[in-house]
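A.B. asks: Sequence isn't available, so here's the structure alone:
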């Protein structure tokens, strides 16, 4: 299996297609996989060989799963060494402070609102990707800068 840059988990095929299109505007050459639920995503990463045969992990996960699946998905993702640091953007259908706080406690880096306005949803995904890329670059500069002066 080839490397996966973007893993999109969304039960809605239409929303998933729009999410991938939005992500590709930020990263045009990114290889993506769309799956309808977290169970299939975990099977892909841990059972069907992505991590078993080839230790390659997605560089970014957009998870618009059913909220009841989020706990077990994030627990498994964060408990495995290869996926522990993979950035996760969680998409919520309803603006609830508790959901956002819970996703952060579980290890998600960003959240976006998946509402009826697709253009806004796509812009939020792109904004989150850009912010994550900036954070990763800043962390790398801090890390390597510290090593240079150690």
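C.D. replies: Noted; the coordinates are in hand. What you see is a predicted model, and the numbers here were worked out from it, not measured in a lab.
A.B. asks: Next, the contact list for the closest residue to residue 23 other than its chain neighbours, please.
C.D. replies: Spatial nearest neighbour of residue 23, excluding adjacent residues (CB to CB, 6 or more residues apart in numbering): residue 6 at 5.2 Å. Every residue, glycine included, has its C-beta placed from N, CA and C. By CB atoms under 8 Å, 6 or more residues apart in numbering, the residues touching residue 6 are 20, 23, 27, 30, 31, 32, 33, 58, 59, 60, 61, 62.
A.B. asks: can you rerun that using 7 Å?
C.D. replies: Residues in contact with residue 6, defined by CB atoms under 7 Å, 6 or more residues apart in numbering, are 20, 23, 30, 32, 58, 60.
A.B. asks: Over to residue 92?
C.D. replies: 99, 111, 113, 114.
A.B. asks: thought the last one was touching residue 93?
C.D. replies: Yes - the pair formed by residue 114 and residue 93 meets the contact definition of CB atoms under 7 Å, at 5.1 Å.
A.B. asks: between those two, who's got more neighbours?
C.D. replies: Taking other CB atoms under 10 Å, residue 114 and residue 93 do not tie; residue 114 has more neighbours (23 against 14).
A.B. asks: ok, that one - contacts?
C.D. replies: Here residue 114 is in contact with 15, 64, 91, 92, 93, 121 (criterion: CB under 7 Å, 6+ apart).
A.B. asks: State whether residue 111 is indeed within a helix.
C.D. replies: No - Residue 111 is assigned strand when assessed by DSSP: H, G, I helix; E, B strand; the rest coil, not a helix.
A.B. asks: Per-residue pLDDT of it, please?
C.D. replies: Residue 111 carries a pLDDT value of 89.
A.B. asks: quick one, what contacts it?
C.D. replies: Residue 111 makes contacts with 89, 90, 92, 100, 103, as judged by CB under 7 Å, 6+ apart.
A.B. asks: still on that earlier bit, kindly list the main-chain dihedrals of the residue nearest to residue 23?
C.D. replies: phi -120, psi 120 (degrees, to the nearest 10).
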